[in-house]
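Asks: No sequence on hand, only this structure:
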């Protein structure tokens, strides 16, 4: 297999750089309780969360013959927006972003979060300086990041062979595959390590491992 030289990093946001899993569970449990549905534990959440998010809602008991998906989806986002300050960046996230920038990597965000909220959060955590661009979605429904990723790759003229996607879900692997880029998955986020390993992608525990992996498995940057 021909070795790639990685120059560009596409970061996922939620669950990869932003530690918002507990906040997401809290917001979802509010919706579930309102509908007299069983609430989520962290362990169960990591086994059922998926993309498209509509499938995740169905997995945990929502009945869209009683109400359209958009109703609880919008409720969730409204709750999240009110409480986003409860979430924090993962330990070492800021340091890792700074280190990669110093090494000359170009960094971008490709997120399923709504675009305006994504940029609001980047400003809130004061990390916008590390990214050349940050792309979110145009609505609250988190269907897929593939189309947005393809547009980003084309507009920024990113060479897939020089690009890696770093995320925390199976969907990030699917996006990477669709874009023709390499993939790393981090196991501290919204899906369990077992589910992530089912993709066959490399699964790491935390940021300090990423730099070593890039050095050992790709041409020196």
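Replies: Arrived safely, thanks for sending. Values in this document were obtained by computation on a predicted structure and should not be read as measured data.
Asks: what's stretch 190-205 in contact with?
Replies: 14-15, 21, 24, 43, 45-47, 49-50, 168-170, 173, 176, 183-188, 210, 213, 217 (CB atoms under 8 Å, 6 or more residues apart in numbering). For the C-beta atoms, the positions are set from N, CA and C on the backbone; glycine is no exception.
Asks: Just the buried subset of these, please.
Replies: Neighbour counting over the contacts of stretch 190-205 (16 or more other CB atoms under 10 Å) leaves 14-15, 21, 24, 45-46, 49-50, 168-170, 173, 176, 183-188, 210 as the buried ones.
Asks: Show the residue spans covered by the helices in the protein.
Replies: For the chain, helices defined by DSSP state H occupy the ranges 21-34, 42-48, 53-59, 70-83, 93-102, 115-124, 146-155, 170-179, 193-197, 208-217.
Asks: can you list those helices in TSV and add distance to residue 162 and mean pLDDT?
Replies: Output for these, formatted as TSV (distance: least, CB to CB, whole Å; pLDDT from 0 to 100):
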stretch	distance to residue 162	mean pLDDT
helix 21-34	31	98
helix 42-48	32	98
helix 53-59	31	95
helix 70-83	34	95
helix 93-102	14	96
helix 115-124	24	92
helix 146-155	11	92
helix 170-179	12	96
helix 193-197	24	98
helix 208-217	12	86
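Asks: Just say which of these is most tucked in.
Replies: For the helices of the chain, average neighbour numbers computed from mean count of other CB atoms under 10 Å are highest in helix 170-179, which has a mean of 21.
Asks: what is the orientation angle of that one with helix 146-155?
Replies: Put simply, helix 170-179 runs at 40 degrees to helix 146-155, going by axes from the mean of the first three to the mean of the last three CA atoms, to 10 degrees.
Asks: counting contacts, what elements does helix 170-179 pack onto?
Replies: The contact analysis (3 or more CB pairs under 8 Å, 6 or more residues apart in numbering; DSSP states H and E) places helix 170-179 against helix 146-155, strand 163-167, strand 182-186, helix 193-197.
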